[in-house]
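Undergrad: quick one: sequence and predicted model below, then my questions.
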Amino acid sequence: MKAPLKIGSLSFRNRVLTASGTFGMGKEFSDFLDYSQLGGITLKTITKNPRQGNPPPRILETPYGLLNSIGLENEGFQKVYQDLKKNDYLRQYDTNVIFSLAGDSVEDYVEMARFFCEIEGIAMLELNLSCPNVHEGGATFDSNPENVKRIVEETAKTVSKPFTVKFSPSQDFVKNSRIAEYSGAHAITISNTFLGMAIHAKTKTFVFKNKTAGYSGPAVKPMALANVYRAAQAVKIPVIASGGISSAEDASEFLIAGASFISIGTLNFVDPGLAGKIAKEIE
Ligand code: SIN
């Protein structure tokens, strides 16, 4: 039986979304892609305070993937919120806009979620508990299940719009998915990037300041597929799959593995129109 085209009370045109961190704030891709072809777009994660991000280098291509250590560069929630209050450009997009948030505490998540719920052009939220590029060594917020429980419970009590919780594949995402479900999340996103590393052998130095980085792209697809399958077996809420999807065939594999929605991430950088092509082909 086909999964409904819904997350909470929100209806989707189709199952194809874009992944946060690969799609800017929506404006950057609007010349390349007709958003009305998509189920939704997910914007770059916003944090409570402005973040300059990590020093360069921030990305490194590998034969079949991409390492990134951006470090959540963004202008901070107050600035982004005020700008959207003045000009809610997101309303003009004929698709569901998913707004991604990351905090340093439970309170950060809840406060930002409450504010951004007021913005009409935002249809849904993503709570990003899994950026590996903020702390050296890749520690993520979802390494502590108690964090997951509290953030999801408090957000569910506070916000009126549906939300998904984005997990790290390096943590116990099956347990975290169950916790998110019983604490009130409307969906889970499996997953953020895998933990990777690059070293200059000649100079015996790490490529990235934080040593580790997030790894994505076609190389991770088989691992992501297994993770999505495991998460989808564990919960009844929709699973949004993310992990190296580069074709309609890849997308179909994730849907067969149990995902209700799929998101295109790293491959947006190769072909900014790819999500639209995949949506068309999947139909
Ligand atoms: C980053 O900004 O470092 C990547 C975002 C993420 O992985 O959540």
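TA: Looks like it arrived, so ask away. Residues are numbered from 1 along each chain as shown.
Undergrad: so which elements touch the helix or strand harbouring residue 17?
TA: Assigned by DSSP states H and E, residue 17 belongs to strand 16-18. Judged by 3 or more Cβ pairs under 8 Å, 6 or more residues apart in numbering; DSSP states H and E, the packing partners of strand 16-18 are strand 40-42, strand 261-264, helix 274-282. Glycine gets a C-beta too; all of them are placed from N, C-alpha and C.
Undergrad: could I have the last one exported to CSV, CA atoms only?
TA: It stands for helix 274-282. Written as CSV, here are the backbone C-alpha positions of helix 274-282 (Å, rounded to 0.1, in the frame of the first residue of the first chain):
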residue,chain,number,x,y,z
LEU,A,274,17.8,17.3,-10.9
ALA,A,275,15.0,17.2,-8.2
GLY,A,276,12.4,18.3,-10.9
LYS,A,277,13.6,15.7,-13.4
ILE,A,278,13.4,12.9,-10.7
ALA,A,279,9.9,14.1,-9.7
LYS,A,280,8.8,13.9,-13.3
GLU,A,281,10.3,10.5,-13.9
ILE,A,282,9.0,8.9,-10.7
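Undergrad: and that helix, what does it pack against?
TA: strand 16-18, helix 248-256, strand 261-264.
Undergrad: for the ligand, find the nearest of the ones you listed.
TA: Closest to the ligand of the helices and strands packed on helix 274-282 is strand 261-264 (Cβ to the nearest ligand atom; 12.7 Å).
Undergrad: what pairs with that closest one, parallel or antiparallel?
TA: Sheet pairing of strand 261-264 (DSSP bridges) gives strand 16-18 (parallel), strand 239-242 (parallel).
Undergrad: outside of the longest one, which residues touch it?
TA: With Cβ atoms under 8 Å, 6 or more residues apart in numbering as the contact definition, strand 239-242 has outside contacts at 17, 19, 164, 177, 187-192, 224, 228, 231-232, 254-255, 257-263, 265.
Undergrad: what helix or strand is the closest residue to residue 122 other than its chain neighbours located in?
TA: Leaving aside its sequence neighbours, residue 122 sits nearest to residue 99 (Cβ to Cβ, 6 or more residues apart in numbering; 4.5 Å). Residue 99 belongs to strand 96-102 when elements are defined using DSSP H and E.
Undergrad: list the buried ones in whichever helix or strand comes after that strand?
TA: Next helix or strand after strand 96-102 toward the C-terminus (DSSP H and E): helix 106-117. For helix 106-117, a neighbour-count test (16 or more other Cβ atoms under 10 Å) marks 106, 108-113, 115-117 as buried.
Undergrad: do the same with stretch 89-104
TA: Buried residues in stretch 89-104 (16+ other Cβ under 10 Å): 90, 93, 95-103.
Undergrad: closest one of these to residue 168?
TA: Taking Cβ to Cβ as the measure, residue 102 is the one of the buried residues of stretch 89-104 closest to residue 168, at 12.0 Å.
Undergrad: which residues are in contact with that closest one?
TA: The contact partners of residue 102, taken as Cβ under 8 Å, 6+ apart, are 45-47, 72, 109, 127-129, 131, 134, 141.
Undergrad: ok so, going back, with mean neighbour count and mean pLDDT as extra columns, can I get the helices and strands packed on strand 16-18 in a markdown table?
TA: Below are the helices and strands packed on strand 16-18 laid out as a markdown table (neighbours: other Cβ atoms under 10 Å; pLDDT from 0 to 100):
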| stretch | mean neighbour count | mean pLDDT |
| --- | --- | --- |
| strand 40-42 | 28 | 98 |
| strand 261-264 | 28 | 98 |
| helix 274-282 | 20 | 97 |
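Undergrad: nearest to the ligand, out of the ones you listed?
TA: Distance to the ligand, taken as Cβ to the nearest ligand atom, is lowest for strand 40-42 among the helices and strands packed on strand 16-18, at 10.8 Å.
Undergrad: show me what the helix or strand just after that closest one is packed against.
TA: Sequence order places strand 46-47 as the next helix or strand after strand 40-42, per DSSP H and E. Secondary-structure packing of strand 46-47 (3+ Cβ pairs under 8 Å, 6+ apart): helix 77-86, strand 96-102, helix 106-117.
Undergrad: contacts for strand 46-47?
TA: Strand 46-47 is contacted from outside by 72, 74-77, 80, 99-104, 108, 112, 116, using Cβ under 8 Å, 6+ apart.
Undergrad: redo that, cut-off 7 Å
TA: 72, 74, 76-77, 80, 100-103 (Cβ atoms under 7 Å, 6 or more residues apart in numbering).
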